[in-house]
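> Got a predicted model here, sequence first, then my questions.
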Amino acid sequence: MRVVHYYRDLTRPSGVTAAIRGWQRETIAAGVESIALHNDDPGSWELPHTVVPHSGSGRQGQKPHLTSYLKPGDVLVLHEGWVTANYAAARQARRMGVPYIVVPHGVYEPQVMAGLKFANLRRWILETQFVKGAAASHIFYQSEASLVEAIWPAAVTFALPTGFESADSSWTPGGEYLAWFGRYDLNHKGLDRLLFGYALVPTQRRLPLKLRGIDYNGGKVQLIELVRRLGLTEWVDVGPPLAENEKAEFLCSARAFVFPSRWESQGIALIEALAMGVPALVSDSIQLSGSLMAANAALVSSFGNPAAVAAGLEEVASADHLSASGQEFVLESLNWSRLAALYKAELERIAFNASNS
């Protein structure tokens, strides 16, 4: 068996590419051959990979030509959805008798689908055929199964979260601010509702809020304006992106971490904070929230309720007891060795079924 990942923009930093890197690395460590196929800068991917020919242009116009790169015994892994490149890759795999797996990475969340461009009948038909033809869909949490089944009711799914390596740094109590980092997308990342709740915290009990991130469609300017309108300029610091070597100090110097996203499959920033032992206040609308509540690994709140957010922000500021349970959650639930063994077993089952069909 060989595991072949295809993702057109493989070396563009994102949560998707971070997950692909982790799964490919751990698959190889488990003794299974794996290669990534793409149409991106070949110099920044340290694992086995190949740039394959593409025709067309743009996100919705490019189509890969994989026939010469696939062989019997392969399992093809296709990432995200709603893109022409995946449809072409799936068709080629089906013609060759190569089974493929769909990894949605959250693209079937209702909020994502509501914002789709070209959301016409043809596109729905193509996506349905894409999911229907898959040997399985790899979701990160079982709560995502219904999202895939909304595309194709008979879809086969298996749930395995992306793992995480242990953190190099560890949090200690006593920080003087609340922290968040990510992408300045007010709607997706829920930064607007974080501020609405934060504004209700009495000033005598309010910790400074430090935000760090990359701009997204003008979101940083929108955020700064919202901070101004809410009268929070002296309390909220809307700062630049964090370099990789700045994350540990930023998190370890915080009192707590906040994660207000309206939807999220698996937030890397949140996992990084938990792995360091930073107490976290998390939105109940992300897929990970149920697991966090069950493990008592974070405070979980409805960020749609500003009063609940305000109460949660005050509570998490004195929730040092969550440090150990957050770290334990990452070490146990996101243990790469355990997850890689389960992943390998799923892929071997799919490859066996394909060879005997």
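Alright, I've got the coordinates.
> and the gap between Asn187 and Ile28?
Per C-beta to C-beta, to the nearest Å, Asn187 is found 37 Å from Ile28. Yep, even glycine has a C-beta here, placed from its N, CA and C like the rest.
> pLDDT score for the residue lying farthest from the centre of the chain?
Farthest-out residue of the chain from its mean C-alpha position, per C-alpha atoms, centre = their mean: Gln204, at 35.8 Å. On pLDDT, Gln204 comes in at 96.
> ok, it to Ser137 distance?
Relative to Ser137, and taking C-beta to C-beta, Gln204 is found at 50 Å.
> Repeat that for Glu264.
Distance, Glu264 to Ser137, by C-beta to C-beta: 18 Å.
> One more: Val52?
According to C-beta to C-beta, Val52 and Ser137 sit 23 Å apart.
> which residues in the stretch 201-350 of the chain form helices?
Assigned by DSSP state H, counting those that start in this stretch, the stretch 201-350 of the chain shows helices spanning 219-229, 247-252, 268-276, 289-294, 306-316, 322-333, 336-355.
> Mind checking those helices for the one nearest to Leu66?
Closest approach to Leu66 among the helices of the stretch 201-350 of the chain (C-beta to C-beta): helix 336-355, 16.2 Å.
> Run the angle between the closest one and helix 322-333 for me.
Between helix 336-355 and helix 322-333, the angle comes out at 30 degrees (axes from the mean of the first three to the mean of the last three C-alpha atoms, to 10 degrees).
> Packing partners of helix 336-355?
Helices and strands touching helix 336-355, by 3 or more C-beta pairs under 8 Å, 6 or more residues apart in numbering; DSSP states H and E, are helix 15-29, strand 74-79, strand 136-139.
> Turn the ones you listed into JSON lines, including mean neighbour count and mean pLDDT.
Formatted as JSON lines, the helices and strands packed on helix 336-355 follow (neighbours: other C-beta atoms under 10 Å; pLDDT from 0 to 100):
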{"stretch": "helix 15-29", "mean neighbour count": "19", "mean pLDDT": "95"}
{"stretch": "strand 74-79", "mean neighbour count": "24", "mean pLDDT": "98"}
{"stretch": "strand 136-139", "mean neighbour count": "24", "mean pLDDT": "98"}
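> Just send those back as CSV, with distance to Gln111 too.
Shown next, in CSV, are those (distance: least, C-beta to C-beta, whole Å):
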stretch, distance to Gln111
helix 15-29, 16
strand 74-79, 19
strand 136-139, 17
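> these two touch, right, Leu207 and Tyr177?
Yes: at 5.6 Å, Leu207 and Tyr177 qualify as touching, with contact defined as C-beta atoms under 8 Å.
> and these two? which has more neighbours close in?
Taking neighbours as other C-beta atoms under 10 Å, Leu207 and Tyr177 compare with Leu207 leading, 20 against 16.
> so what's the more buried one up against?
Residues near Leu207 by C-beta atoms under 8 Å, 6 or more residues apart in numbering: Glu176, Tyr177, Leu178, Arg255, Leu313, Ala317.
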